[in-house]
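Visitor: Just need the structure, nothing else, for what follows:
(one chain, ligands or ions: 2)
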Amino acid sequence: MNSIELKSRAKINLSIDVLGKRDDGYHLVEMIMQTIDLYDVIKIKQLDTNDVVIKSNSSHIPLDNDNIVYKAIELLRQRFNINKGIEVFIEKNIPVAAGMAGGSSNAAAVLVGLNKLWKLNLTEQELQELGLKLGADVPYCISGKTALAEGIGEKLSYIKGLPKNISILICKPNLFVSTKDVYQGLDLNNIENRPNNKLLIECLEKGDIDSLSKNMSNVLENVTSKIHKEINEIEEIMMANSALGSMMSGSGPTVFGLFDKSENALKCKDILLQQYSQVYVVSSSEKGVEICG
Ligand SMILES: C[C@@](CO)(OP(=O)(O)O)[C@H](O)COP(=O)(O)OP(=O)(O)OC[C@H]1O[C@@H](n2ccc(N)nc2=O)[C@H](O)[C@@H]1O
Ligand SMILES: Nc1ncnc2c1ncn2[C@@H]1O[C@H](COP(=O)(O)OP(=O)(O)O)[C@@H](O)[C@H]1O
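Guide: Ligands and ions are numbered 1, 2, ... in the order given. Predicted coordinates:
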């Protein structure tokens, strides 16, 4: 085997609370992560030379050593003393710098793919430990599903997820936010609207998506929506079009809405498409990285 193809799925956050800050500047979080069926395709090919080559259909991501995929390859090459060359083609469908972990899930896919290609036999837990060296969301992205994430996002407890029949409407306004800037913009002594994660987990267990939707909260939203008025505007459009609830994902600027009727989600998608180009209706997924074929 000298090539492998994988699906690298996006996530949304059904809640984010920030509890404190570590000495290294990373924040301690308590958040619910949900994998969705919107994915990039990662095509990995072994090369005869020892080069690392990144290609993509997207002009929004770096193709040099700034790409997190490059860092994932280098991490494994150095750790296991491998000098084989690799080409990765990233077919980008997940909006970039969106709060949907697009880069983190690409890195997760490369760790899973190279583990197989190079027969490293690393366990899921070992892959997650390596993934954490690349980014806080990478361990979660390896396994996907629905999880309460604690620590800086790497301590994962798996919980019941959103039912498949819930339509998730995603809208990414055409603006870019930096995760680092959003965390830095948060005043830890003055956090409003903290989510009740225990209650949200109970709602998921019971399948009470109406209550879940009404109680979702992301403390990073205040920071991003103060700067970008589009976030509240998109939420208002979703709520006026029968969403059960609507909220910003991650550090933003993506906004999602949960709908119990797919026809309402599709109608709202058409309305949003008049103003925004990156709008999708998807459902939840139980898989994170998936090997194709
Ligand atoms: C906000 C969240 C919520 O899921 O998602 P995104 O908006 O990125 O999708 C995550 O916490 C983002 O995780 P991730 O994007 O992997 O973060 P990293 O690459 O490790 O870090 C980028 C920067 O964000 C800040 N950061 C990240 C995670 C964390 N728990 N505390 C932080 O303070 C740090 O300043 C760091 O330099
Ligand atoms: N493979 C990649 N996919 C997406 N973004 C990448 C990738 N490699 C590096 N980046 C850079 O990482 C930053 C964050 O992108 P992304 O992971 O999509 O954000 P988020 O986690 O907020 O969804 C962007 O500025 C982007 O240029």
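Visitor: For residue 81, list the residues it contacts.
Guide: Taking CB atoms under 8 Å, 6 or more residues apart in numbering as the contact definition, residue 81 lies against nothing. For the C-beta atoms, the positions are set from N, CA and C on the backbone; glycine is no exception.
Visitor: which stretches of the chain form strands?
Guide: 3-21, 27-47, 52-56, 85-91, 146-150, 155-158, 167-172, 217-218, 245-248, 255-259, 278-282, 290-291 (DSSP state E).
Visitor: Once you drop chain neighbours, what's closest to the residue of the chain found nearest ligand 2?
Guide: Residue of the chain nearest ligand 2, by CB to the nearest ligand atom: residue 103 (2.6 Å). The shortest distance from residue 103 to any non-neighbouring residue, by CB to CB, 6 or more residues apart in numbering, is to residue 68 (4.4 Å).
Visitor: Let me see the contact set for residue 284.
Guide: Residues in contact with residue 284 (CB under 8 Å, 6+ apart) are 34, 35, 36, 37, 146, 161, 162, 163, 164, 166, 168.
Visitor: Recalculate using a threshold of 10 Å.
Guide: Contact analysis of residue 284 by CB atoms under 10 Å, 6 or more residues apart in numbering lists 12, 34-37, 144-146, 161-168, 258.
Visitor: Please enumerate the helices of this protein.
Guide: Using DSSP state H, the helices of the chain run over residues 68-79, 102-117, 124-132, 138-143, 179-184, 197-206, 209-215, 221-227, 230-240, 262-273.
Visitor: closest to ligand 1 out of those?
Guide: The closest of those to ligand 1 is helix 179-184. By CB to the nearest ligand atom, the value is 3.7 Å.
Visitor: Quick one: name the residues of the stretch 151-293 of the chain near ligand 2.
Guide: Residues of the stretch 151-293 of the chain lying close to ligand 2 (CB under 6 Å from any ligand atom) are 179, 250, 251.
Visitor: looking at it, the last one is touching residue 136, isn't it?
Guide: No: Residue 251 lies out of contact with residue 136 (CB atoms under 10 Å); the separation is 11.3 Å.
Visitor: Name the residue in the two with the higher neighbour count.
Guide: residue 251 (25 against 19; other CB atoms under 10 Å).
Visitor: in stretch 43-55, what counts as buried?
Guide: Within stretch 43-55, the residues that count as buried by 16 or more other CB atoms under 10 Å are 43, 44, 45, 52, 54.
Visitor: Equivalent analysis for stretch 94-109, please.
Guide: Buried residues in stretch 94-109 (16+ other CB under 10 Å): 94-95, 97-109.
Visitor: Likewise for stretch 57-74?
Guide: For stretch 57-74, burial by neighbour count (16+ other CB under 10 Å) applies to 61, 63, 67, 68, 69, 70, 71, 72, 73.
Visitor: What is the end-to-end distance of it?
Guide: 22 Å (CA to CA, to the nearest Å).
Visitor: Can that stretch be said to contact ligand 1?
Guide: No: using CB under 6 Å from any ligand atom, stretch 57-74 never reaches ligand 1; the gap is at least 8.0 Å.
Visitor: Give me the contact status of that stretch with ligand 2.
Guide: Yes: using CB under 6 Å from any ligand atom, stretch 57-74 reaches ligand 2 at 61, 62, 66, 67, 68, 69.
Visitor: Show the average pLDDT along that stretch.
Guide: Confidence for stretch 57-74, expressed as mean pLDDT, is 98.
Visitor: got it, and stretch 195-203?
Guide: For stretch 195-203, mean pLDDT is 98.
Visitor: Tell me the buried residues in that stretch?
Guide: Residues of stretch 195-203 classed as buried: 195, 197, 200, 201, 202, 203 (neighbour count, 16+ other CB under 10 Å).
Visitor: Out of those residues, which comes closest to residue 130?
Guide: Checking the buried residues of stretch 195-203 against residue 130 by CB to CB gives residue 197 as the nearest, at 27.4 Å.
Visitor: Was I right to think the closest one contacts residue 30?
Guide: Yes: taking contacts as CB under 10 Å, residue 197 lies within contact range of residue 30: 5.6 Å.
Visitor: Quick check: neighbours shared by those two?
Guide: Listed as contacting both residue 197 and residue 30 by CB under 10 Å, 6+ apart are 15, 16, 17, 148, 150.
Visitor: quick one: terminal-to-terminal distance for stretch 153-163?
Guide: End-to-end span of stretch 153-163 (CA to CA): 23 Å.
Visitor: With that, I have no additional questions.
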